[in-house]
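In: the following comprises the amino acid sequence and a computationally predicted model.
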Amino acid sequence: MKIICQVTLMLAIGLLAACQKTLPFAPEEEDLLDGPVNGLNLEEKAQFLRGDAAFNEVFTIERGLGPIFVANQCASCHPGDGKGSPFVSFIRFGQADTLGNLFLDQGGPQLQHKAIPGFEVEQFPAGAPSAILFAPAVTGLGFLDAVSDEDILQSADPNDQDGDGISGRPHWNQIPDYVDPRDHSLSINGRYITRFGKKAGAYDLLHQTSSAYNQDMGVTSSFESIDPYSGLKLDPEVNIQTINDVVFYLKTLKAPIARNQNDSEVIRGREIFGELGCIKCHLPQLKTGLSPIAAISDKTFYPYTDLLLHDMGPGLDDGYTEGFALSSEWRTPPLWGLGLSTDSQGGNYFLLHDGRARSIEEAIILHGGEAADSRGEFTRLSPSEKKQLIRFLEAL
Amino acid sequence: MRISTSIYLEICWLGFLLVFGLPFQLNAQLPDSLQISGDSVGAFLNMDATYNRPFLSSEKMPVAVGGYLEANSLYSSEDGVSEGLSFQARRLTLFMSASISNRIKFLSEIEFEDGTKEIAIEFAALDVSFHPLLNFRGGILMNPIGAFNQNHDGPKWEFVERPDVAVSMLPATWSNAGFGLYGKTYSGSWIVGYEAYLTNGFDNTIINNIENKTFLPATKQSESRFEENNSGRAMTNAKIAIKNRNLGEIGFSYMGGAYNKFENEGLKIDDKRGVHVFALDLNTTIKRSDTYITGEMVYAWIQVPSTYTQQFGNHQRGIFIDVVQPVVKQKILGWKDARFNVAARFDFVDWNSGSFSETDLDIGDELWAITPAVSFRPSSQTVFRLNYRYQWQVDLLNNPAAKTASWLFGFSSYF
């Protein structure tokens, strides 16, 4: 018995002596998507935290959830500010061409396929054109938001004048009344360049956030006050201040930090990425214009998107569209943070607009249309070159 | 916050020295026979825990009073982020019992949690005995689901935290207005007890709450639950416990009924939905080593509308196991029956068992924790305990687990 006691005692002492190591270490900053951009002042940090709390707020029935909805929390679709999973993907429907959504009176544009107890879910109208959408990561959006229209136009080539087969164009779209265009925003016939969402249908983060509350959670605000269930105008269930905080939060989430940048395979992969012409759409570098938030004003950043619409071919054409985009067109998604996708998708990859690609390689192979040449060159790479390219993409 | 600079660890260390170093200095000789903690050898079942407490009574007064107090310090860190050191006055519990006549007695237990943040009547019931096998109990009673709910007094445990399955899956301490019967019978080394009650039950908050999971404890927030049964249907709660004085005790319990308000003013306003909870509890002492083992395993089925979000699971399970090994029992600093234990607890809760309907992928929402502990009991009614708890918690999607480690040092004592 004495021995047992001594052994126990020694073990316990050992444990305590190792105290330093008894508390979990913080993951490396570069391995996390969430967290604020560097350089916020105290007031901005406080607003960031308020927005963070609102982004994570769980909507209960009393708080305004539903009656029909898709999920009950921004963060359940964008966990850890990362990409969403099939569990919270949703269907948009009702519009096949630029003539607008013909199913707005039948529940369009989004299928709220969940309902609070005692209510019926929305039914999908037979024959409606539709697409499944997966939630993207929401990091670094403040930088994308602050890119000037001129800069977006600079990489556009709608008529493929340079003859490289790639003809990205901005989405000139109508914007809701409550959205104030940015200073120096360009406009043609009352239409503006919209840049957020898979079809680049949303103008800015206020637009995206207000419709997310409304369409994704059934929560009304003074911006989007029509309840998707009853079609009636309701009292705001989330107030303007909270929406402003969330918008501020989205604007000041840091840009994902690239990892393993000195790895030779990653370095070679980056070259291949250029050689295959991926960079023609996944533009490595953009810069922001002037912003009232100093931390994101006049900065160069590396999102790997041109914020333009591209025809991705029949394979990715679901027959559904928004605004003035074509059903085959999708906005180039930023590739930053790509390698961290599995940390929010339960250890899996669900890539492309509807999560159909279960690996990075599959996502590339499913490229078509304007990206057909790039895809073709990818398939001709040697296995080790493919591996290098993927190592590079994982390190983003 | 980097922990190397933390003064708290010094405090832990000091606490540890106090708890463990002293007896060895005072008396290096270990006693030949060591005894266990807990009361598993006696004729008591878990169901007797409410009365099996130290009470103060005076012959001149018809009432006896007692209670316990527990407080602790906590330093914890989740994924490297710590909120610093806090001191917690977790609970002050007062009990009062009265023998109204030979076979009628009354007992109440009032608990103040976290200061006065939560004040709860955990128990306030009248017991009338007709026969050892037939006793009536009515008032606010503690539902006999598992063993911890009824046997939850801090000083009985070597751990600062209550078991996760008991407080985060089951709603311990879970009391409700209701009434029913209980009884006990003995034969040789065997004791068999039963309890059967009808009480108020759960409400819709179990699937509509900011925990964002099916969460039975959510009902405890309801202010009206002692005056009104939300579903309009009584909850049934029954338990059978069997104990062999040499082997230990095993309990089987069930609690269930409708939980949502499905009728209002005579109108059917929703489908009736039920919750069903089964628990198995065990405790025993391994005679050879005096090792005391206690644990509980719980399954719950909750009807959730299929059109509601899978965020709220319809099947839950959880378990906890405590192993307590007494290592020293001797006179220390004038305490006659002072005792040192080393102990360990394993916790597991799965709030959402099953897989996503969209993908067949496994739903997460699980927690595991291990808690090694050392405790010092100057007397059986007072315990000083030092716990280290390491917890892994995964979200619904099984994304990388959030890791939390905590150092807890505190005491709990009857008075």
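Out: It's in.
In: low-confidence ranges, the chain, go.
Out: No chain in the question, so chain A it is. Chain A contains residues with pLDDT under 70 at A:1-20.
In: um, chain B though
Out: For chain B, the ranges with pLDDT under 70 are B:1-42, B:57-60.
In: look up how far chain A lies from the spatially most central residue of it.
Out: Taking Cα atoms, centre = their mean, the centroid of chain B lies closest to B:F148, which sits 3.7 Å from it. Plainly put, B:F148 is 26 Å away from chain A if you go by Cβ to the nearest Cβ, to the nearest Å. Any C-beta I mention is one placed from the backbone N, CA and C, and that applies to glycine too.
In: give the contact list for that residue.
Out: B:162-163, B:166, B:170, B:172, B:281, B:296, B:320 (Cβ atoms under 8 Å, 6 or more residues apart in numbering or on different chains).
In: so which of these belong to strands?
Out: B:281, B:296, B:320 (DSSP state E).
In: secondary structure class for the nearest residue to B:F226 once chain neighbours are set aside?
Out: Setting aside the residues directly before and after it, B:F226 is nearest to B:A177 in space (Cβ to Cβ, 6 or more residues apart in numbering or on different chains), at 5.0 Å. Put simply, B:A177 is strand when judged by DSSP: H, G, I helix; E, B strand; the rest coil.
In: from what I can see B:A177 touches B:M142, true?
Out: No: between B:A177 and B:M142 there is no contact under Cβ atoms under 8 Å: 11.7 Å.
In: of the two, who's got more company?
Out: Here B:A177 and B:M142 are compared on neighbour count by other Cβ atoms under 10 Å in any protein chain shown; more neighbours surround B:M142, at 25 against 19.
In: how far off centre is the helix or strand A:E265 falls within?
Out: In this assignment (DSSP states H and E), A:E265 forms part of helix A:264-275. Mean C-alpha position of helix A:264-275 versus that of the full chain (Cα atoms, centre = their mean, to the nearest Å) differs by 25 Å.
In: convert the C-alpha atoms of it to CSV, please.
Out: The C-alpha trace of helix A:264-275 is given here as CSV (Å, rounded to 0.1, in the frame of the first residue of the first chain):
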residue,chain,number,x,y,z
SER,A,264,9.3,23.8,-52.1
GLU,A,265,6.3,21.9,-53.4
VAL,A,266,4.1,24.9,-52.5
ILE,A,267,6.4,27.2,-54.3
ARG,A,268,6.4,25.0,-57.4
GLY,A,269,2.6,24.6,-57.1
ARG,A,270,2.2,28.4,-57.2
GLU,A,271,4.1,28.4,-60.5
ILE,A,272,1.9,25.7,-62.0
PHE,A,273,-1.1,27.7,-60.9
GLY,A,274,0.1,30.5,-63.0
GLU,A,275,1.1,28.3,-65.9
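In: which secondary structure element contains B:D322?
Out: With DSSP H and E as the test, B:D322 turns up in strand B:315-332.
In: list the neighbouring strands of the helix or strand following that strand plus their orientation.
Out: Heading C-terminal from strand B:315-332, the first helix or strand you meet, by DSSP H and E, is strand B:335-350. Using DSSP bridges, the strands paired with strand B:335-350 in its sheet are strand B:315-332 (antiparallel), strand B:366-379 (antiparallel).
In: next up, the contacts around whichever residue of chain A sits closest to chain B.
Out: Residue nearest to chain B within chain A: A:A26 (2.5 Å; Cβ to the nearest Cβ). Counting by Cβ under 8 Å, 6+ apart, A:A26 touches B:79-81.
In: of those, list those near chain A.
Out: Among those, the residues lying close to chain A (Cβ under 8 Å from any Cβ of the partner chain) are B:79-81.
In: which of these fall within helices?
Out: Assigned to helices by DSSP state H, none of the ones next to chain A among the contacts of A:A26 qualify.
In: among the residues you listed, which ones are buried?
Out: Among these, the ones that count as buried by 16 or more other Cβ atoms under 10 Å in any protein chain shown are B:79-80.
In: for the ones next to chain A among the contacts of A:A26, which one is nearest A:G118?
Out: Of all these, A:G118 sits closest to B:D79, with 38.9 Å by Cβ to Cβ.
In: correct me, but B:V374 touches B:R339?
Out: No: the pair B:V374 / B:R339 is not scored as a contact, 11.4 Å apart, by Cβ under 8 Å.
In: check the burial of B:W174 by counting its neighbours.
Out: Neighbours of B:W174 under the rule other Cβ under 10 Å: 25.
In: picking that back up, bridging residues for the residue nearest to B:F226?
Out: Bridge pairing for B:A177 - DSSP bridges - gives B:I140.
In: show residues contacting stretch A:244-255.
Out: By Cβ under 8 Å, 6+ apart, stretch A:244-255 touches A:33-38, A:40, A:44, A:47-48, A:50-52, A:54-55, A:74, A:81, A:138-143, A:145, A:205-206, A:209, A:293, A:295-296, A:301-303, A:336.
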